[in-house]
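**Q** For reference, the sequence and a predicted model appear below.
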Amino acid sequence: MNRLTIRLIAVFTFICLVVPGLVYGANLISKQSFNGKSAIKLRFSVKVEKAKIADTAHYIVYEEQDPDIRLKVVSAKPDEDGKGVTLHFAQNLNTAHTHVVTVKNLVGKSSAITKVSKSYLGYLISILISALLINNFVFTKYLGLCVFFGTSKRKSTAKGMGVVFTIVMVVSASMSWFFYNYILIPFNLNFLQIVVFIGLVSLTVQAVDTILRKVNPLLFNSFGVYLVLVIANCVIIAVPLILANNNYNYYETFMLALGAGGGFLLALYLMSSVSERMQLANIPPTFKGLPIAFIVAGQFAMAFLGFSGLKIF
Amino acid sequence: MQLVANGILKENPIFKLALSMCPAVGISTTVMNGFLLGIAVLFVQVCSSVTISLVKDFIHPRIRIPTYTLTIATWVTVIDMVLSAYMPEAYAKMGIFVKLIVAFAIITMRLEMFACKEPVGASFWDGLGMGLGFMIGMMTIGLVRELLGSGAILGYDVLGFKPLLFFILPSAGFFVVGLMMAFFNYIEVFYKRRKGFKS
(Lines give C-alpha, C1' and ligand atoms only; values in the text may rest on other atoms or scores of the structure.)
Protein backbone atom coordinates (compact mmCIF):
# COMPACT_ATOMS: atom_id res chain seq x y z
CA MET A 1 0.00 0.00 0.00
CA ASN A 2 2.86 2.34 0.86
CA ARG A 3 4.36 2.21 -2.59
CA LEU A 4 0.97 2.75 -4.15
CA THR A 5 0.54 5.86 -2.04
CA ILE A 6 3.90 7.17 -3.21
CA ARG A 7 2.87 6.49 -6.77
CA LEU A 8 -0.35 8.42 -6.26
CA ILE A 9 1.55 11.35 -4.82
CA ALA A 10 3.87 11.28 -7.82
CA VAL A 11 0.90 11.37 -10.16
CA PHE A 12 -0.56 14.27 -8.24
CA THR A 13 2.65 16.32 -8.40
CA PHE A 14 2.73 15.62 -12.11
CA ILE A 15 -0.74 17.09 -12.43
CA CYS A 16 0.27 20.17 -10.48
CA LEU A 17 3.32 20.70 -12.67
CA VAL A 18 1.71 20.12 -16.02
CA VAL A 19 -1.68 21.67 -15.71
CA PRO A 20 -1.11 25.39 -15.03
CA GLY A 21 -2.36 26.75 -18.30
CA LEU A 22 -0.88 28.61 -21.16
CA VAL A 23 -0.66 32.35 -21.07
CA TYR A 24 -1.34 34.11 -24.30
CA GLY A 25 0.44 37.39 -24.71
CA ALA A 26 0.37 39.88 -27.54
CA ASN A 27 2.70 42.84 -27.53
CA LEU A 28 0.25 45.70 -27.55
CA ILE A 29 -2.51 44.06 -25.58
CA SER A 30 -1.52 43.07 -22.09
CA LYS A 31 -4.79 41.74 -20.74
CA GLN A 32 -8.10 40.67 -22.20
CA SER A 33 -11.30 39.28 -20.77
CA PHE A 34 -15.03 39.11 -21.21
CA ASN A 35 -16.89 41.82 -19.39
CA GLY A 36 -20.42 40.68 -18.75
CA LYS A 37 -22.38 39.08 -21.54
CA SER A 38 -22.01 41.57 -24.35
CA ALA A 39 -18.66 43.26 -23.84
CA ILE A 40 -14.94 42.54 -24.11
CA LYS A 41 -12.40 44.36 -22.00
CA LEU A 42 -8.88 45.00 -23.29
CA ARG A 43 -5.86 46.54 -21.55
CA PHE A 44 -2.98 48.02 -23.53
CA SER A 45 0.65 48.08 -22.57
CA VAL A 46 1.12 51.67 -23.78
CA LYS A 47 -0.92 54.83 -23.43
CA VAL A 48 -3.12 55.74 -26.41
CA GLU A 49 -5.21 58.85 -27.14
CA LYS A 50 -8.76 58.44 -25.92
CA ALA A 51 -10.30 59.73 -29.14
CA LYS A 52 -8.42 57.13 -31.13
CA ILE A 53 -9.51 54.37 -28.78
CA ALA A 54 -13.14 55.34 -29.10
CA ASP A 55 -13.12 54.83 -32.89
CA THR A 56 -14.78 51.45 -33.49
CA ALA A 57 -13.14 51.09 -36.92
CA HIS A 58 -9.96 49.97 -35.18
CA TYR A 59 -11.44 46.71 -33.93
CA ILE A 60 -12.38 43.54 -35.77
CA VAL A 61 -13.95 40.79 -33.68
CA TYR A 62 -15.08 37.33 -34.65
CA GLU A 63 -15.52 33.86 -33.16
CA GLU A 64 -12.59 31.56 -33.73
CA GLN A 65 -14.55 28.84 -35.53
CA ASP A 66 -16.27 31.12 -38.04
CA PRO A 67 -13.98 33.97 -39.04
CA ASP A 68 -16.35 35.08 -41.80
CA ILE A 69 -19.00 36.30 -39.41
CA ARG A 70 -17.75 39.62 -38.03
CA LEU A 71 -19.34 40.72 -34.80
CA LYS A 72 -20.35 44.38 -34.90
CA VAL A 73 -18.77 46.63 -32.29
CA VAL A 74 -21.39 49.17 -31.25
CA SER A 75 -19.21 51.37 -29.10
CA ALA A 76 -15.70 51.44 -27.68
CA LYS A 77 -15.41 53.05 -24.31
CA PRO A 78 -11.88 54.07 -23.26
CA ASP A 79 -10.74 53.60 -19.69
CA GLU A 80 -9.92 56.59 -17.49
CA ASP A 81 -6.15 56.28 -17.82
CA GLY A 82 -6.17 55.77 -21.60
CA LYS A 83 -4.60 52.33 -21.33
CA GLY A 84 -7.68 50.20 -21.86
CA VAL A 85 -10.96 49.88 -23.68
CA THR A 86 -14.32 48.17 -23.27
CA LEU A 87 -15.93 47.02 -26.51
CA HIS A 88 -19.69 46.78 -26.48
CA PHE A 89 -21.57 44.51 -28.91
CA ALA A 90 -25.09 44.56 -30.25
CA GLN A 91 -25.89 40.96 -29.31
CA ASN A 92 -24.84 38.79 -26.41
CA LEU A 93 -21.60 36.94 -27.02
CA ASN A 94 -21.32 33.19 -26.71
CA THR A 95 -18.69 33.29 -24.00
CA ALA A 96 -18.04 29.55 -24.22
CA HIS A 97 -16.26 30.10 -27.56
CA THR A 98 -12.94 31.76 -28.11
CA HIS A 99 -13.21 35.19 -29.68
CA VAL A 100 -10.46 36.72 -31.78
CA VAL A 101 -9.94 40.46 -31.52
CA THR A 102 -7.79 42.30 -34.06
CA VAL A 103 -6.72 45.84 -33.22
CA LYS A 104 -5.59 47.75 -36.31
CA ASN A 105 -3.68 51.03 -36.70
CA LEU A 106 -4.17 52.02 -33.11
CA VAL A 107 -0.50 52.71 -32.45
CA GLY A 108 1.33 53.59 -35.67
CA LYS A 109 0.48 51.13 -38.45
CA SER A 110 0.86 47.95 -36.48
CA SER A 111 -1.95 45.57 -35.75
CA ALA A 112 -2.30 43.21 -32.83
CA ILE A 113 -4.32 40.03 -32.61
CA THR A 114 -5.48 38.52 -29.39
CA LYS A 115 -7.72 35.69 -28.37
CA VAL A 116 -10.31 36.26 -25.72
CA SER A 117 -11.53 33.21 -23.91
CA LYS A 118 -12.48 32.21 -20.45
CA SER A 119 -9.59 31.23 -18.25
CA TYR A 120 -7.94 28.14 -19.73
CA LEU A 121 -7.57 26.53 -16.33
CA GLY A 122 -11.26 27.04 -15.76
CA TYR A 123 -11.97 25.42 -19.09
CA LEU A 124 -9.84 22.42 -18.15
CA ILE A 125 -11.56 22.08 -14.81
CA SER A 126 -14.91 22.29 -16.56
CA ILE A 127 -13.87 19.33 -18.74
CA LEU A 128 -12.92 17.44 -15.59
CA ILE A 129 -16.18 18.21 -13.80
CA SER A 130 -18.18 17.44 -16.90
CA ALA A 131 -16.61 14.00 -17.31
CA LEU A 132 -16.90 13.38 -13.58
CA LEU A 133 -20.50 14.39 -12.91
CA ILE A 134 -22.47 15.85 -15.80
CA ASN A 135 -21.49 13.21 -18.33
CA ASN A 136 -20.64 10.50 -15.85
CA PHE A 137 -19.55 7.56 -17.97
CA VAL A 138 -21.57 5.00 -16.10
CA PHE A 139 -24.79 6.80 -15.26
CA THR A 140 -25.30 9.11 -18.22
CA LYS A 141 -23.30 7.48 -21.02
CA TYR A 142 -23.94 3.85 -20.07
CA LEU A 143 -20.43 2.59 -20.61
CA GLY A 144 -18.56 -0.13 -18.77
CA LEU A 145 -21.65 -1.70 -17.25
CA CYS A 146 -20.30 -5.26 -17.25
CA VAL A 147 -17.42 -4.41 -14.96
CA PHE A 148 -19.58 -1.97 -13.06
CA PHE A 149 -22.09 -4.64 -12.06
CA GLY A 150 -19.41 -7.26 -11.62
CA THR A 151 -17.14 -5.45 -9.18
CA SER A 152 -19.55 -3.34 -7.19
CA LYS A 153 -20.30 -5.96 -4.56
CA ARG A 154 -17.80 -4.86 -1.93
CA LYS A 155 -16.47 -1.43 -1.08
CA SER A 156 -12.80 -2.39 -0.87
CA THR A 157 -12.80 -4.05 -4.29
CA ALA A 158 -14.69 -1.13 -5.75
CA LYS A 159 -12.15 1.38 -4.48
CA GLY A 160 -9.15 -0.57 -5.73
CA MET A 161 -10.77 -1.25 -9.05
CA GLY A 162 -11.67 2.41 -9.50
CA VAL A 163 -8.10 3.53 -8.80
CA VAL A 164 -6.64 0.99 -11.22
CA PHE A 165 -9.17 2.09 -13.82
CA THR A 166 -8.19 5.71 -13.42
CA ILE A 167 -4.50 4.93 -13.77
CA VAL A 168 -4.99 2.72 -16.82
CA MET A 169 -7.25 5.30 -18.36
CA VAL A 170 -4.88 8.22 -17.91
CA VAL A 171 -1.89 6.28 -19.22
CA SER A 172 -3.69 4.77 -22.20
CA ALA A 173 -5.40 8.05 -23.11
CA SER A 174 -2.06 9.88 -23.07
CA MET A 175 -0.50 7.23 -25.27
CA SER A 176 -3.46 7.21 -27.62
CA TRP A 177 -3.35 10.99 -27.90
CA PHE A 178 0.31 10.83 -28.83
CA PHE A 179 -0.25 8.10 -31.42
CA TYR A 180 -3.30 9.79 -32.84
CA ASN A 181 -1.67 13.17 -33.30
CA TYR A 182 1.83 12.14 -34.35
CA ILE A 183 1.24 8.94 -36.30
CA LEU A 184 -2.35 8.49 -37.38
CA ILE A 185 -3.04 12.04 -38.56
CA PRO A 186 0.26 12.77 -40.37
CA PHE A 187 0.09 9.50 -42.30
CA ASN A 188 -3.65 9.71 -42.97
CA LEU A 189 -4.32 6.48 -41.14
CA ASN A 190 -7.42 7.71 -39.41
CA PHE A 191 -9.39 4.60 -40.34
CA LEU A 192 -7.05 2.50 -38.16
CA GLN A 193 -8.27 4.34 -35.03
CA ILE A 194 -10.10 1.41 -33.51
CA VAL A 195 -7.36 -1.14 -34.12
CA VAL A 196 -4.60 1.10 -32.79
CA PHE A 197 -6.51 2.26 -29.72
CA ILE A 198 -7.57 -1.21 -28.66
CA GLY A 199 -3.98 -2.38 -29.09
CA LEU A 200 -2.67 0.42 -26.92
CA VAL A 201 -5.27 -0.23 -24.25
CA SER A 202 -4.44 -3.93 -24.09
CA LEU A 203 -0.77 -3.03 -23.84
CA THR A 204 -1.39 -0.69 -20.90
CA VAL A 205 -3.55 -3.22 -19.13
CA GLN A 206 -0.90 -5.87 -19.54
CA ALA A 207 1.71 -3.51 -18.10
CA VAL A 208 -0.48 -2.61 -15.11
CA ASP A 209 -1.15 -6.29 -14.59
CA THR A 210 2.56 -7.13 -14.44
CA ILE A 211 3.45 -4.17 -12.24
CA LEU A 212 0.59 -4.74 -9.82
CA ARG A 213 1.42 -8.43 -9.50
CA LYS A 214 4.88 -7.50 -8.25
CA VAL A 215 4.09 -4.37 -6.24
CA ASN A 216 0.86 -5.22 -4.49
CA PRO A 217 -0.12 -8.91 -4.68
CA LEU A 218 -2.95 -8.42 -2.17
CA LEU A 219 -4.75 -5.92 -4.36
CA PHE A 220 -3.97 -8.04 -7.38
CA ASN A 221 -5.65 -11.07 -5.85
CA SER A 222 -8.79 -9.19 -4.97
CA PHE A 223 -9.31 -8.06 -8.57
CA GLY A 224 -9.21 -11.61 -9.77
CA VAL A 225 -10.49 -11.92 -13.25
CA TYR A 226 -11.62 -8.32 -13.62
CA LEU A 227 -8.27 -6.86 -14.55
CA VAL A 228 -8.44 -8.97 -17.70
CA LEU A 229 -11.94 -7.66 -18.28
CA VAL A 230 -10.51 -4.15 -18.29
CA ILE A 231 -9.14 -4.86 -21.77
CA ALA A 232 -12.59 -5.51 -23.07
CA ASN A 233 -14.13 -2.53 -21.38
CA CYS A 234 -15.89 0.20 -23.21
CA VAL A 235 -15.03 3.00 -20.77
CA ILE A 236 -11.34 2.75 -21.45
CA ILE A 237 -11.63 2.49 -25.20
CA ALA A 238 -14.25 5.25 -25.26
CA VAL A 239 -11.87 7.90 -23.92
CA PRO A 240 -9.44 7.77 -26.89
CA LEU A 241 -12.35 7.70 -29.32
CA ILE A 242 -13.91 10.79 -27.74
CA LEU A 243 -10.66 12.69 -27.73
CA ALA A 244 -10.08 11.80 -31.37
CA ASN A 245 -13.56 13.05 -32.23
CA ASN A 246 -13.13 16.35 -30.40
CA ASN A 247 -9.53 17.13 -31.35
CA TYR A 248 -8.52 17.68 -27.76
CA ASN A 249 -5.01 18.87 -26.94
CA TYR A 250 -2.91 17.08 -24.36
CA TYR A 251 -4.08 18.94 -21.25
CA GLU A 252 -7.71 18.47 -22.22
CA THR A 253 -7.11 14.77 -22.89
CA PHE A 254 -5.50 14.38 -19.51
CA MET A 255 -8.41 16.06 -17.79
CA LEU A 256 -10.97 14.01 -19.70
CA ALA A 257 -9.24 10.76 -18.78
CA LEU A 258 -8.91 11.81 -15.16
CA GLY A 259 -12.55 12.85 -15.01
CA ALA A 260 -13.75 9.66 -16.65
CA GLY A 261 -11.68 7.53 -14.27
CA GLY A 262 -12.80 9.53 -11.27
CA GLY A 263 -16.40 9.27 -12.39
CA PHE A 264 -16.07 5.52 -12.69
CA LEU A 265 -14.53 5.34 -9.22
CA LEU A 266 -17.37 7.45 -7.83
CA ALA A 267 -20.01 5.31 -9.50
CA LEU A 268 -18.42 2.08 -8.28
CA TYR A 269 -18.12 3.38 -4.75
CA LEU A 270 -21.72 4.61 -4.60
CA MET A 271 -23.03 1.37 -6.05
CA SER A 272 -20.96 -0.84 -3.76
CA SER A 273 -22.14 0.98 -0.64
CA VAL A 274 -25.71 0.36 -1.73
CA SER A 275 -25.17 -3.28 -2.56
CA GLU A 276 -23.55 -3.90 0.81
CA ARG A 277 -26.77 -2.71 2.36
CA MET A 278 -28.85 -4.69 -0.09
CA GLN A 279 -27.38 -7.96 1.06
CA LEU A 280 -29.22 -7.48 4.33
CA ALA A 281 -32.46 -6.37 2.76
CA ASN A 282 -35.43 -8.58 2.02
CA ILE A 283 -35.61 -8.69 -1.78
CA PRO A 284 -38.22 -10.68 -3.75
CA PRO A 285 -36.57 -13.84 -5.12
CA THR A 286 -37.14 -12.91 -8.77
CA PHE A 287 -35.32 -9.61 -8.28
CA LYS A 288 -32.28 -11.07 -6.53
CA GLY A 289 -28.91 -10.38 -8.09
CA LEU A 290 -28.76 -8.39 -11.30
CA PRO A 291 -32.35 -7.12 -11.66
CA ILE A 292 -32.29 -5.20 -8.39
CA ALA A 293 -28.81 -3.91 -9.18
CA PHE A 294 -30.14 -2.52 -12.45
CA ILE A 295 -33.01 -0.79 -10.74
CA VAL A 296 -30.70 0.78 -8.17
CA ALA A 297 -28.45 1.94 -11.00
CA GLY A 298 -31.48 3.44 -12.70
CA GLN A 299 -32.23 5.45 -9.59
CA PHE A 300 -28.63 6.65 -9.48
CA ALA A 301 -28.92 7.63 -13.13
CA MET A 302 -32.01 9.67 -12.33
CA ALA A 303 -30.14 11.40 -9.54
CA PHE A 304 -27.22 12.12 -11.84
CA LEU A 305 -29.67 13.65 -14.30
CA GLY A 306 -29.85 16.48 -11.82
CA PHE A 307 -26.26 17.45 -12.61
CA SER A 308 -27.12 18.07 -16.25
CA GLY A 309 -27.87 21.76 -15.70
CA LEU A 310 -24.63 22.32 -13.85
CA LYS A 311 -22.47 25.10 -15.25
CA ILE A 312 -19.45 26.22 -13.33
CA PHE A 313 -17.21 28.16 -15.66
CA MET B 1 -30.10 -25.04 -35.99
CA GLN B 2 -29.67 -26.25 -32.44
CA LEU B 3 -26.87 -23.72 -32.05
CA VAL B 4 -28.97 -20.83 -33.35
CA ALA B 5 -31.83 -21.62 -30.98
CA ASN B 6 -29.34 -21.93 -28.16
CA GLY B 7 -28.08 -18.40 -28.79
CA ILE B 8 -31.56 -16.95 -28.95
CA LEU B 9 -33.19 -18.67 -26.01
CA LYS B 10 -31.05 -20.61 -23.59
CA GLU B 11 -28.00 -18.38 -23.66
CA ASN B 12 -29.51 -15.10 -24.71
CA PRO B 13 -26.62 -12.64 -24.36
CA ILE B 14 -28.64 -9.85 -22.82
CA PHE B 15 -31.15 -11.52 -20.51
CA LYS B 16 -29.40 -14.73 -19.59
CA LEU B 17 -25.66 -14.10 -19.77
CA ALA B 18 -26.00 -10.42 -18.82
CA LEU B 19 -23.15 -9.41 -21.07
CA SER B 20 -22.83 -6.36 -23.32
CA MET B 21 -25.25 -4.37 -21.28
CA CYS B 22 -23.96 -0.94 -22.26
CA PRO B 23 -25.78 -0.59 -25.61
CA ALA B 24 -28.82 -2.41 -24.22
CA VAL B 25 -29.26 0.46 -21.79
CA GLY B 26 -27.74 3.24 -23.82
CA ILE B 27 -29.41 3.37 -27.20
CA SER B 28 -32.36 1.02 -27.05
CA THR B 29 -34.81 3.91 -27.11
CA THR B 30 -36.51 2.76 -30.33
CA VAL B 31 -36.94 -0.56 -32.11
CA MET B 32 -35.06 0.77 -35.13
CA ASN B 33 -31.97 1.68 -33.13
CA GLY B 34 -31.94 -1.74 -31.53
CA PHE B 35 -32.32 -3.39 -34.93
CA LEU B 36 -29.46 -1.46 -36.54
CA LEU B 37 -27.02 -2.07 -33.74
CA GLY B 38 -28.17 -5.69 -33.67
CA ILE B 39 -27.31 -6.00 -37.37
CA ALA B 40 -23.87 -4.51 -36.76
CA VAL B 41 -23.19 -6.88 -33.86
CA LEU B 42 -24.50 -9.86 -35.85
CA PHE B 43 -22.16 -9.03 -38.70
CA VAL B 44 -19.12 -8.61 -36.45
CA GLN B 45 -19.92 -11.73 -34.46
CA VAL B 46 -20.40 -13.99 -37.48
CA CYS B 47 -17.39 -12.65 -39.38
CA SER B 48 -14.98 -12.84 -36.48
CA SER B 49 -16.25 -16.28 -35.43
CA VAL B 50 -15.62 -17.60 -38.92
CA THR B 51 -12.24 -15.87 -39.19
CA ILE B 52 -10.98 -17.24 -35.89
CA SER B 53 -12.35 -20.67 -36.69
CA LEU B 54 -10.48 -20.64 -40.00
CA VAL B 55 -7.12 -19.67 -38.56
CA LYS B 56 -7.40 -21.40 -35.18
CA ASP B 57 -4.60 -23.83 -35.98
CA PHE B 58 -2.09 -21.05 -36.58
CA ILE B 59 -2.71 -19.08 -33.39
CA HIS B 60 -0.33 -19.65 -30.54
CA PRO B 61 -2.42 -20.17 -27.39
CA ARG B 62 -0.54 -17.51 -25.43
CA ILE B 63 -1.37 -14.70 -27.80
CA ARG B 64 -4.92 -15.76 -28.53
CA ILE B 65 -6.68 -12.91 -26.69
CA PRO B 66 -4.80 -10.14 -28.55
CA THR B 67 -5.51 -11.97 -31.79
CA TYR B 68 -9.23 -12.06 -31.04
CA THR B 69 -9.21 -8.39 -30.16
CA LEU B 70 -7.46 -7.42 -33.38
CA THR B 71 -9.79 -9.58 -35.48
CA ILE B 72 -12.84 -7.99 -33.89
CA ALA B 73 -11.33 -4.53 -34.29
CA THR B 74 -10.82 -5.15 -38.00
CA TRP B 75 -14.42 -6.21 -38.59
CA VAL B 76 -15.72 -3.35 -36.44
CA THR B 77 -13.74 -0.93 -38.60
CA VAL B 78 -15.41 -2.45 -41.67
CA ILE B 79 -18.96 -2.14 -40.34
CA ASP B 80 -18.20 1.30 -38.93
CA MET B 81 -17.12 2.59 -42.33
CA VAL B 82 -20.02 0.91 -44.13
CA LEU B 83 -22.59 2.39 -41.77
CA SER B 84 -21.10 5.86 -41.86
CA ALA B 85 -21.07 5.76 -45.66
CA TYR B 86 -24.53 4.34 -46.36
CA MET B 87 -26.59 5.32 -43.31
CA PRO B 88 -25.12 8.57 -42.02
CA GLU B 89 -28.29 9.53 -40.11
CA ALA B 90 -28.63 6.28 -38.22
CA TYR B 91 -24.88 6.28 -37.63
CA ALA B 92 -25.03 9.73 -36.08
CA LYS B 93 -27.81 8.55 -33.75
CA MET B 94 -25.90 5.51 -32.57
CA GLY B 95 -22.87 7.68 -31.98
CA ILE B 96 -19.89 6.06 -30.38
CA PHE B 97 -21.58 2.71 -29.74
CA VAL B 98 -20.77 1.25 -33.16
CA LYS B 99 -17.08 1.73 -32.53
CA LEU B 100 -17.50 0.30 -29.08
CA ILE B 101 -18.67 -3.05 -30.44
CA VAL B 102 -14.96 -3.78 -30.30
CA ALA B 103 -15.18 -3.93 -26.52
CA PHE B 104 -18.24 -6.17 -26.29
CA ALA B 105 -17.54 -9.00 -23.91
CA ILE B 106 -20.01 -11.28 -25.67
CA ILE B 107 -18.03 -11.47 -28.90
CA THR B 108 -14.71 -12.19 -27.24
CA MET B 109 -16.38 -14.74 -25.02
CA ARG B 110 -17.90 -16.66 -27.93
CA LEU B 111 -14.54 -16.69 -29.71
CA GLU B 112 -12.80 -17.97 -26.61
CA MET B 113 -15.41 -20.57 -25.71
CA PHE B 114 -16.62 -21.74 -29.08
CA ALA B 115 -14.92 -20.59 -32.26
CA CYS B 116 -11.38 -21.54 -31.27
CA LYS B 117 -12.37 -25.20 -30.83
CA GLU B 118 -15.12 -25.93 -33.32
CA PRO B 119 -15.10 -26.18 -37.14
CA VAL B 120 -16.08 -23.31 -39.42
CA GLY B 121 -19.69 -24.34 -40.04
CA ALA B 122 -20.59 -24.73 -36.39
CA SER B 123 -18.88 -21.44 -35.56
CA PHE B 124 -20.93 -19.70 -38.22
CA TRP B 125 -24.22 -20.97 -36.80
CA ASP B 126 -23.16 -20.19 -33.26
CA GLY B 127 -22.21 -16.65 -34.24
CA LEU B 128 -25.51 -16.25 -36.05
CA GLY B 129 -27.44 -17.47 -33.02
CA MET B 130 -25.62 -15.18 -30.62
CA GLY B 131 -25.99 -12.20 -32.94
CA LEU B 132 -29.69 -12.89 -33.42
CA GLY B 133 -30.17 -13.33 -29.68
CA PHE B 134 -28.54 -9.97 -29.09
CA MET B 135 -30.63 -8.35 -31.81
CA ILE B 136 -33.88 -9.75 -30.46
CA GLY B 137 -32.98 -8.66 -26.95
CA MET B 138 -32.20 -5.13 -28.12
CA MET B 139 -35.42 -4.97 -30.13
CA THR B 140 -37.53 -6.19 -27.22
CA ILE B 141 -36.15 -3.52 -24.95
CA GLY B 142 -36.58 -0.98 -27.74
CA LEU B 143 -40.19 -2.09 -28.22
CA VAL B 144 -41.07 -1.62 -24.57
CA ARG B 145 -39.39 1.74 -24.33
CA GLU B 146 -40.75 3.10 -27.57
CA LEU B 147 -44.28 1.91 -26.87
CA LEU B 148 -44.36 3.27 -23.34
CA GLY B 149 -42.30 6.36 -24.00
CA SER B 150 -43.70 7.76 -27.21
CA GLY B 151 -46.69 5.50 -27.89
CA ALA B 152 -45.29 4.35 -31.20
CA ILE B 153 -43.70 1.32 -32.83
CA LEU B 154 -41.07 1.78 -35.54
CA GLY B 155 -42.05 5.43 -35.71
CA TYR B 156 -45.74 4.75 -36.39
CA ASP B 157 -48.11 6.15 -33.85
CA VAL B 158 -49.97 3.20 -32.36
CA LEU B 159 -51.50 4.31 -29.11
CA GLY B 160 -52.22 7.91 -30.05
CA PHE B 161 -50.96 9.24 -26.72
CA LYS B 162 -47.78 9.12 -24.71
CA PRO B 163 -48.25 6.93 -21.65
CA LEU B 164 -44.99 7.56 -19.81
CA LEU B 165 -42.53 10.02 -21.26
CA PHE B 166 -40.06 8.85 -18.64
CA PHE B 167 -39.27 5.74 -20.66
CA ILE B 168 -37.47 7.51 -23.46
CA LEU B 169 -35.29 9.33 -20.97
CA PRO B 170 -31.90 7.65 -20.78
CA SER B 171 -32.07 6.51 -17.18
CA ALA B 172 -35.19 4.44 -17.84
CA GLY B 173 -33.02 1.96 -19.74
CA PHE B 174 -31.76 0.60 -16.44
CA PHE B 175 -35.30 0.14 -15.15
CA VAL B 176 -36.57 -1.60 -18.28
CA VAL B 177 -33.64 -4.02 -18.41
CA GLY B 178 -33.91 -4.72 -14.69
CA LEU B 179 -37.63 -5.33 -14.84
CA MET B 180 -37.36 -7.56 -17.90
CA MET B 181 -34.65 -9.65 -16.26
CA ALA B 182 -36.88 -10.03 -13.23
CA PHE B 183 -39.72 -11.02 -15.53
CA PHE B 184 -37.67 -13.75 -17.21
CA ASN B 185 -36.55 -14.97 -13.79
CA TYR B 186 -40.18 -15.07 -12.71
CA ILE B 187 -41.16 -17.23 -15.70
CA GLU B 188 -38.32 -19.59 -14.94
CA VAL B 189 -39.26 -19.89 -11.29
CA PHE B 190 -42.91 -20.35 -12.22
CA TYR B 191 -42.18 -23.21 -14.61
CA LYS B 192 -39.87 -24.93 -12.18
CA ARG B 193 -42.50 -24.80 -9.51
CA ARG B 194 -45.11 -26.30 -11.83
CA LYS B 195 -42.76 -29.08 -12.84
CA GLY B 196 -42.14 -29.73 -9.19
CA PHE B 197 -45.86 -30.18 -8.59
CA LYS B 198 -46.20 -32.63 -11.46
CA SER B 199 -43.41 -34.98 -10.54
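**A** Everything's here; your move.

**Q** Give me the pLDDT for residue 94.
**A** Defaulting to chain A. Looking at residue A:94, its pLDDT reads 68.

**Q** nope, chain B
**A** Per-residue pLDDT puts residue B:94 at 77.

**Q** just the one 3 residues further on next, same as before
**A** With respect to pLDDT, residue B:97 has a value of 80.

**Q** Pull the contacting residues for it.
**A** For residue B:97, the contacting residues are B:22, B:23, B:26, B:27, B:37, by Cβ atoms under 8 Å, 6 or more residues apart in numbering or on different chains. Placement of C-beta: from N, CA and C, glycine included.

**Q** So the most centrally placed residue in chain B: helix, strand or coil?
**A** Central residue of chain B (Cα atoms, centre = their mean): residue B:134, 2.5 Å from the mean position. Classification of residue B:134 using DSSP: H, G, I helix; E, B strand; the rest coil returns helix.

**Q** Surely it touches residue B:8?
**A** No - proximity of residue B:134 to residue B:8 does not meet the contact threshold set by Cβ atoms under 8 Å, at 9.4 Å.

**Q** sorry, back to before: near chain A too, which of the contacts of residue B:97?
**A** When contact is defined as Cβ under 8 Å from any Cβ of the partner chain, the contacts of residue B:97 meet chain A at B:22, B:23, B:26.

**Q** Number of residues surrounding residue A:178?
**A** Using other Cβ atoms under 10 Å in any protein chain shown, residue A:178 has 13 other residues around it.

**Q** ok, then the element right after the helix or strand it falls within?
**A** Using DSSP states H and E, residue A:178 sits in helix A:155-179. The helix or strand immediately downstream of helix A:155-179 is helix A:193-215, counting by DSSP H and E.

**Q** Determine how far that following helix lies from the middle of the whole chain.
**A** Relative to the chain's own centre, helix A:193-215 is displaced by 22 Å; criterion: Cα atoms, centre = their mean, to the nearest Å.

**Q** confidence score at residue 108?
**A** No chain was given, so I picked chain A. For residue A:108, the pLDDT comes out at 68.

**Q** Wait, chain B was what I had in mind.
**A** pLDDT at residue B:108 comes out at 79.

**Q** repeat for residue B:20
**A** 67.

**Q** Can you give me the distance of residue A:234 to residue B:112?
**A** Distance of residue A:234 to residue B:112, computed by Cβ to Cβ, to the nearest Å: 18 Å.

**Q** So these two - more neighbours on which side?
**A** Set residue A:234 next to residue B:112 and count neighbours by other Cβ under 10 Å: residue A:234 wins out with 30 against 14.

**Q** So that one sits against residue A:144, correct?
**A** Yes - here residue A:234 reaches residue A:144: they are 5.5 Å apart, a contact under Cβ under 8 Å.

**Q** the strands in chain B, which residues?
**A** All strands of chain B, identified by DSSP state E, fall at B:152-153, B:156-157.

**Q** Among the ones next to chain A among the contacts of residue B:97, which lie within helices?
**A** Secondary structure from DSSP state H places B:22, B:23, B:26 of the ones next to chain A among the contacts of residue B:97 in helices.

**Q** Scan the residues you listed and report the most crowded one.
**A** Using other Cβ under 10 Å as the neighbour criterion, residue B:23 leads these with 29 neighbours.

**Q** which residues touch that residue?
**A** Going by Cβ under 8 Å, 6+ apart, residue B:23 touches A:142, B:37, B:97, B:100, B:138.

**Q** rerun that using 6 Å as the cut-off
**A** Listed by Cβ atoms under 6 Å, 6 or more residues apart in numbering or on different chains, the contact partners of residue B:23 are B:37, B:97.

**Q** Would you agree residue A:127 is in contact with residue A:255?
**A** Yes - in this structure, residue A:127 is within contact of residue A:255 by Cβ atoms under 6 Å, at 4.5 Å.
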